[in-house]
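Visitor: Task: produce atomic coordinates for the following.
(one chain, ligands or ions: 2)
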Amino acid sequence: MELPGKLFVVAAPSGAGKSTLVKALLQHEPHLAVSVSHTTRAPRGQERDGCEYHFVSVDTFQQMVAAGQFFEHAHVHGNWYGTSRSSVERLLADGKDVVLEIDWQGALQIRELFPAAMLVFILPPSWDELAQRLRGRGEDLPEVIAQRLANARHEVAQAERFDFVIINGSLDRALADLRAVVREQPDALRFAAQRDNHPDVFAALDLA
Ligand SMILES: Nc1ncnc2c1ncn2[C@@H]1O[C@H](COP(=O)(O)OP(=O)(O)OP(=O)(O)O)[C@@H](O)[C@H]1O
Ligand SMILES: Nc1nc2c(ncn2[C@@H]2O[C@H](COP(=O)(O)O)[C@@H](O)[C@H]2O)c(=O)[nH]1
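Guide: Numbering: from 1, shown residues only. Ligands and ions are numbered 1, 2, ... in the order given. Here you go, the predicted model:
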């Protein structure tokens with residue numbers, strides 16, 4: 001399927017910093033807009049319906065799936081998440097290129113539908129730092145954090161399937177890398193190149 005604009009997918013384990021990075025990216029790249037997903041999880045912290053997510057019941061979500069209203073959807077950390085067609089199409093109609101902040105399963109579904117989409121995987125600099133970020137965010141219960149950290153092992157192992165890999169150690173560096181991706185697709189950010197340049201990080205994450 002072809003779209004009248006570009007599609008960028010940003011995936012990462014929970015807490016690696018993709019929302020932080022995408023928010024900063026949008027401030028620097030006003031031609032981009034982020035699609036607001038639907039989820040069955042409860043709002044956390046200051047989240048408001050229609051801003052961070054469209055919060056819906058499992059019944060509503062399943063009806064939307066049955067009606068073919070999602071480009072992709074997945075079960076992540078015990079809840080359903082999906083990218084609605086209408087959310088993406090509305091942004092494209094406004095002349096925006098679109099960023100999807102979704103998990104790796106959804107990212108691979110998007111690649112099937114839209115082969116031109118660019119898939120970016122964000123890695124944390126270490127497991128310890130990932131745990132600290134999740135705890136430091138202070139918005140999830142300890143058992144939720146434990147589940148997300150456990151799931152992160154399998155998620156990180158999917159990085160090789162993505163077009164680009166960015167290590168979110170320094171936020172400034174990671175933002176510069178993400179801006180480079182949306183502008184010119186640099187080979188320096190391919191999985192193999194990043195593994196060669198950052199063997200310590202890849203070894204620490206068991207990706208060597
Ligand atoms: N480069 C960084 N250095 C230090 N802290 C960071 C960095 N990037 C993000 N953080 C912090 O880490 C925490 C998690 O970041 P964020 O919420 O953006 O993660 P996420 O990947 O979007 O998580 P989720 O998938 O659960 O929504 C936040 O408190 C954020 O401020
Ligand atoms: N496949 C999809 N995954 C999504 C979507 N929106 C968010 N997500 C991913 O879910 C987890 C958890 O998010 P959280 O807000 O509960 O911390 C994270 O990896 C998100 O990227 C979506 O529409 N589709």
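Visitor: Where do the helices of the protein begin and end?
Guide: 18-28, 58-66, 85-93, 104-113, 127-137, 142-156, 171-184, 191-197, 199-204 (DSSP state H).
Visitor: Reformat those helices as TSV; add mean pLDDT and mean neighbour count.
Guide: For glycine as for every other residue, the C-beta is placed from the backbone atoms N, C-alpha and C. Putting the helices of the chain into TSV (pLDDT from 0 to 100; neighbours: other CB atoms under 10 Å) gives the following:
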stretch	mean pLDDT	mean neighbour count
helix 18-28	96	17
helix 58-66	98	13
helix 85-93	95	16
helix 104-113	98	18
helix 127-137	96	16
helix 142-156	95	15
helix 171-184	95	16
helix 191-197	96	15
helix 199-204	96	15
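Visitor: need these in TSV with distance to ligand 2, can you?
Guide: Shown next, in TSV, are the helices of the chain (distance: least, CB to the nearest ligand atom, whole Å):
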stretch	distance to ligand 2
helix 18-28	6
helix 58-66	11
helix 85-93	9
helix 104-113	3
helix 127-137	9
helix 142-156	8
helix 171-184	15
helix 191-197	19
helix 199-204	20
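Visitor: Rebuild those as TSV, extending it with distance to residue 36.
Guide: Compiled in TSV, the helices of the chain are given as follows (distance: least, CB to CB, whole Å):
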stretch	distance to residue 36
helix 18-28	12
helix 58-66	14
helix 85-93	6
helix 104-113	14
helix 127-137	20
helix 142-156	21
helix 171-184	19
helix 191-197	29
helix 199-204	31
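Visitor: of those helices, which approaches residue 9 most closely?
Guide: helix 104-113 (4.6 Å; CB to CB).
Visitor: Identify whichever of the helices of the chain lies nearest to residue 48.
Guide: helix 18-28 (14.5 Å).
Visitor: Since that was my last question, I'll sign off now.
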